[in-house]
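K.L.:
Got a predicted model here, sequence first, then my questions.
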Amino acid sequence: MELQASAAQLEPGFPEPLAGTFENARFSVAPPPPPPPPVASAPAQAKEGTAAATAEAESFSVHARRMRYDSRGGRASFSGDVQVAIGELSLSCDSLEVTYHRGAEGSVDFLASGGIRVERPGLVATSGKAQYEGASGALTLTESPRVEGDVGVLEGTRIVLDVDDETVTVDDVRGTFRVRQP
């Protein structure tokens, strides 16, 4: 975990626990290192590549004008031009509430609100709220969610983007779906 800021107002007790308000903050959580590879063979090398791709997808960073962080609860609040990166997926929003779970996996959950825009290659999604569950890799969009891609424009009551599998699930779907002829 890494925290960078241009200005900070720290609460009493620093450095343990780390708590305070930070300006122009950047918060990053690196995934745990992958286990050492077994003796190299062709199938083992393929599995090693998959583990590296999964670790990359689980990297997480946030940049915002303001951040409030409390290490006691593993929580952070961000506001002002919030930019989130999860692997190849980027998300922008007005405010973000993050919870960092310090277990062996070190997963991150968050709730984003206001002007959500999610992008990854071939896809753009928008909504009023988004909730991410790091353990499952699911990003759930609500409040007028909409997804646009090469295959069309879809809207629904809820859209779930699976960050790891790169799948999209739309509840109560409506919209235009284009099918390409082979």
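P.N.:
Ah, there it is. Numbers count the residues shown, from 1 in each chain.

K.L.:
so which helix or strand takes in residue 115?
P.N.:
strand 108-120 (DSSP states H and E).

K.L.:
List the neighbouring strands of the helix or strand just after that strand plus their orientation.
P.N.:
Sequence-wise, the next helix or strand downstream of strand 108-120 (DSSP H and E) is strand 123-133. Looking at strand 123-133 with DSSP bridges, its partner strands are strand 108-120 (antiparallel), strand 138-142 (antiparallel), strand 146-149 (antiparallel).

K.L.:
which residues touch strand 123-133?
P.N.:
Identification of contacts with strand 123-133 by Cβ atoms under 8 Å, 6 or more residues apart in numbering yields 86, 91, 93, 108-119, 138-149, 159, 161, 163, 168. No exception for glycine: its C-beta is placed from N, CA and C like everyone else's.

K.L.:
Go through that strand and flag the buried ones.
P.N.:
With burial defined by 16 or more other Cβ atoms under 10 Å, the residues of strand 123-133 counted as buried are 123, 125-132.

K.L.:
Give the rounded mean pLDDT of it.
P.N.:
Taken as a whole, strand 123-133 has an average pLDDT of 95.

K.L.:
send the alpha carbons of that strand over as PDB?
P.N.:
Output in PDB follows, covering the C-alpha atoms of strand 123-133 (Å, rounded to 0.1, in the frame of the first residue of the first chain):
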ATOM      1  CA  LEU A 123     -16.400  -0.700 -23.600                       C
ATOM      2  CA  VAL A 124     -17.700   2.500 -21.900                       C
ATOM      3  CA  ALA A 125     -20.200   2.400 -19.100                       C
ATOM      4  CA  THR A 126     -21.900   5.200 -17.100                       C
ATOM      5  CA  SER A 127     -24.100   5.300 -14.000                       C
ATOM      6  CA  GLY A 128     -24.900   7.200 -10.900                       C
ATOM      7  CA  LYS A 129     -23.500   4.600  -8.400                       C
ATOM      8  CA  ALA A 130     -21.000   1.800  -8.600                       C
ATOM      9  CA  GLN A 131     -20.000  -0.900  -6.100                       C
ATOM     10  CA  TYR A 132     -16.800  -3.000  -6.400                       C
ATOM     11  CA  GLU A 133     -16.200  -6.200  -4.500                       C
END
